[in-house]
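Q: quick one: sequence plus predicted model below, questions after.
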Amino acid sequence: TGAGSGLGRLFALEFARRRALLVLWDINTQSNEETAGMVRHIYREMAEQAAAAAAPGGAGDGEKDALPHCNLQVYTYTCDVGKRENVYSTAERVRKEVGEVSVLVNNAGVVSGHHLLECPDELIERTMMVNCHAHFWVT
């Protein structure tokens, strides 16, 4: 979750380098798709390197040659994790379209930027929904 920017994006890119099939969630469709594009770029580079290493005279690099280079995919979903029903419906779509998730990085978060006593009630409620309740719903 929160794959569209910040730590969520960095986690996605690192998991891509480790050849993970990724399911990216973010409330911002555009930034989530940007992350997916970066992941696809990493996957293409790895495929090109694998092809070069497999070519006659190519230099293999030990352990990486033993890891799969095919079927690396990234899926994107727009989801507001602060809304329970949106989480549940998105999770059901993932189960149907991708399958079961084996590792969850529950990273989405809200930072108000206000002192507590200056923070509007609605923002406090949103912060609690995303930073606390959403972790239970997504898990």
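A: That came through, no problem. Numbers count the residues shown, from 1 in each chain.
Q: which residues in the chain form helices?
A: With helices called from DSSP state H, the chain shows them at 6-17, 29-54, 63-66, 84-97, 121-128, 134-138.
Q: can you redo those helices as JSON lines with mean neighbour count?
A: For every residue, glycine as well, the C-beta is placed using N, CA and C. Shown next, in JSON lines, are the helices of the chain (neighbours: other C-beta atoms under 10 Å):
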{"stretch": "helix 6-17", "mean neighbour count": "18"}
{"stretch": "helix 29-54", "mean neighbour count": "16"}
{"stretch": "helix 63-66", "mean neighbour count": "10"}
{"stretch": "helix 84-97", "mean neighbour count": "14"}
{"stretch": "helix 121-128", "mean neighbour count": "12"}
{"stretch": "helix 134-138", "mean neighbour count": "18"}
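Q: against Thr35, how distant is the spatially most central residue of the chain?
A: In the chain, the C-alpha nearest the mean C-alpha coordinate belongs to Leu24, at 3.3 Å (C-alpha atoms, centre = their mean). Using C-beta to C-beta, to the nearest Å, Leu24 is found at 6 Å from Thr35.
Q: overlap in contacts of the two?
A: 3-4, 8, 12, 76 (C-beta atoms under 8 Å, 6 or more residues apart in numbering).
Q: returning to what we had before: now the residue nearest to the centre of the chain. Nearest residue, chain neighbours left out?
A: Sequence neighbours aside, Ala3 is the residue nearest to Leu24 in space, at 3.7 Å (criterion: C-beta to C-beta, 6 or more residues apart in numbering).
Q: do Ala134 as well
A: Val81 (3.8 Å).
Q: just checking, that neighbour touches Cys132?
A: No - counting by C-beta atoms under 8 Å, Val81 stays clear of Cys132, with 10.8 Å between them.
Q: more neighbours: which of these two?
A: Higher neighbour count among Val81 and Cys132: Val81, with 26 against 11, using other C-beta atoms under 10 Å.
Q: got the phi/psi numbers for the more buried one?
A: Backbone torsions of Val81, given as degrees, to the nearest 10, read phi -70, psi -10.
Q: residues contacting it?
A: With C-beta under 8 Å, 6+ apart, Val81 has these contacts: 1-2, 25, 27, 87, 108, 130, 134, 137-138.
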